[in-house]
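In: mind looking at a prediction? Sequence and model below.
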Amino acid sequence: MSSDPSSLQPVQRCANQFVCDLVAYEPGKPIEETARELGLDPETIVKLASNENSLGPSAMAQEAMRAELSQAHIYPDGGGYKLRSALAKKYDLGLEHVVLGNGSNEIIELLCHCFLNPQAELIAAEHAFVVYKLMATLFGAKYVEVCDPDFIHDLDGMAAAITEDTRLVFIANPNNPTGTYVDEHALDRFMAQVPDHVVVVFDEAYYEFWQDAPDTLKYIREGKNVCVLRTFSKAYGLAGLRIGYGLAAPGVAAILQKARQPFNANAMAQTAALAALEDKEHVANTKAMNDEGLAFYASAFEARGLEYVPSVANFVLVKVGDGDAVFQAMLEKGVIVRAMRGYKLPGWVRISVGTKTENERCIEVLDEVLAS
Ligand SMILES: *Cc1c(COP(=O)(O)O)cnc(C)c1O
């Protein structure tokens, strides 16, 4: 591979400009990479950067995957029948409402495939999950960002931003990286203002962590053009397998089904997800760990006079001064958090809630870094 930038120019000239202009998504820094670069023992590194489940995958999911290994030569069920049926049953919906994705991120992409074009607009909040903006850009559409005072989606402002060209509105609830939410009353008022040519997407990646999550499936039952995104990556601890789903109005789901690859949800992921759905204890333990962790961080930040954003998800945003510097200094001490410059929040870092030991280590290292 050539690193000479001049050699890239001819190919950049024939690529779509809006793709060349993209700043690629920067994921949380992996443990192995950190260990390699800093000469640390990977065993000692604490990663609190990608909102993963520190309890790991459910034992039931692991067992199901082991049993599935010998079938790896067979294509997956492209229709995802068992998993979609289980999800439909869980939510009292039909098969026609359920779409599987290679992570719920893929469903975000499918929505953009189906509804965006260079004339179309996508509306999201100023500090919303950054993938919406990346995808809108990738499809050459207009990305409309609505201010979110105090980091909370301004749904009236978002409704007012809808035009004839609006096709998608994304509501991340709770939002990543802020951990903030909008309640059912605000959502009802918003939904009453949305015209028929707009699909509203509720991104509920952290649904299982939030006691008082509003019922957005009712909009599906009411026949509205909505898609609710959920995932096995967070509370279910299966981020590495890439499996998520959309629950949508049948009309929306049917269009999404046309846009996906025939085997987008791999066999191992389908098997693991199906088993994980049954492991209610694992999800309950995860939620209990998270509740305790959120309370721990809140009181730790308060005791230190650090500004933070109260969260109903499995991470928390905290103001530390120079976010990049704090990220780097903590990294060198073996704790990986997430710098927030990409979200135009250079003074903040986002910390995922881990186990009690991980959370305590994180605050210990944060103290050392802020003291120096
Ligand atoms: C983590 C996350 C997702 C998706 O994760 P997948 O692993 O692709 O399922 C989607 N939306 C938000 C807001 C997230 O934080």
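Out: Great, that's in hand.

In: interface residues of this protein facing the ligand?
Out: 51, 103-105, 129, 172, 176, 203, 205, 231, 233, 239, 244 (CB under 6 Å from any ligand atom). For the C-beta atoms, the positions are set from N, CA and C on the backbone; glycine is no exception.

In: repeat that for 5 Å
Out: Counting by CB under 5 Å from any ligand atom, the chain comes close to the ligand at 103, 104, 105, 129, 172, 176, 203, 205, 231, 233, 244.

In: okay if I get those residues as a markdown table plus distance to residue 334 and pLDDT?
Out: Putting those into a markdown table (distance: CB to CB, whole Å; pLDDT from 0 to 100) gives the following:
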| residue | distance to residue 334 | pLDDT |
| --- | --- | --- |
| 103 | 27 | 98 |
| 104 | 30 | 98 |
| 105 | 28 | 98 |
| 129 | 27 | 97 |
| 172 | 30 | 98 |
| 176 | 24 | 98 |
| 203 | 31 | 98 |
| 205 | 27 | 98 |
| 231 | 28 | 98 |
| 233 | 24 | 98 |
| 244 | 30 | 98 |
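
In: among these, name the ones in helices.
Out: Members of those lying in helices (criterion: DSSP state H): 104, 105.

In: the residues of the chain next to the ligand in strands, which ones?
Out: Among those, the residues falling in strands (DSSP state E) are 172, 203, 231, 244.

In: next, give phi and psi for the residue nearest to residue 153 when sequence neighbours are not counted.
Out: Once flanking residues are discounted, residue 153 sits nearest to residue 125: 4.4 Å by CB to CB, 6 or more residues apart in numbering. Backbone torsions for residue 125, taken as degrees, to the nearest 10, come to phi -80, psi 160.

In: pull the contacting residues for the residue of the stretch 251-372 of the chain found nearest the ligand.
Out: Going by CB to the nearest ligand atom, the ligand is nearest to residue 313 of the stretch 251-372 of the chain, at 7.8 Å. Applying CB atoms under 8 Å, 6 or more residues apart in numbering, we find residue 313 in contact with 51, 174, 176, 179, 206, 209, 210.

In: same check, this time on residue 123
Out: So residue 123 contacts 144, 146, 158, 161, 162, 166, 168, 169, 170 (CB under 8 Å, 6+ apart).
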